[in-house]
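S.K.: everything below, folded, please.
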Amino acid sequence: MQKFELIVDFNGIVIFDPSLLAGYFSEINPGDNLYARFVRSDEGERVVEQGIVLPVLGLNDGIYSIILRPIRNLEGLIRKPLLFLTLRFH
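M.R.: The predicted model follows:
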């Protein structure tokens, strides 16, 4: 489980695991604008469909407490671990 506070601007956040994202690309260099890559091509849609990137949209701008925890063992229905996200607006 991970807990942290986050300031939201522009009505949303994007959650991702850096190791999964790095595994998707052959190389990510410091300063690479992944946002531009994702919105200008089909790559953005692909990383969302594959669960590499999780966009959370429609949030009011402000400070949120974020709790991320993996969910496992859902009666054998889902084989991949899922992520449970709790957002609390301050």
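S.K.: for the strand of greatest length in the chain, packing partners?
M.R.: Secondary structure of the chain per DSSP state E: the longest strand is strand 62-71. Packing partners of strand 62-71 (3 or more CB pairs under 8 Å, 6 or more residues apart in numbering; DSSP states H and E): strand 2-8, strand 82-89. (Each C-beta comes from the backbone N, C-alpha and C, glycine too.)
S.K.: which stretch in those is the model least sure about?
M.R.: For the helices and strands packed on strand 62-71, the weakest mean pLDDT is recorded on strand 82-89, namely a mean of 57.
S.K.: so which residue is dead centre in this protein?
M.R.: residue 15 (1.8 Å; CA atoms, centre = their mean).
S.K.: need phi/psi at that residue.
M.R.: According to degrees, to the nearest 10, the main-chain angles of residue 15 amount to phi -110, psi 140.
S.K.: which residue, other than its chain neighbours, is closest to it?
M.R.: Excluding its sequence neighbours, the residue lying closest to residue 15 (CB to CB, 6 or more residues apart in numbering) is residue 54, at 4.4 Å.
S.K.: give me the distance between that neighbour and residue 26.
M.R.: When distance is defined by CB to CB, to the nearest Å, residue 54 is 22 Å away from residue 26.
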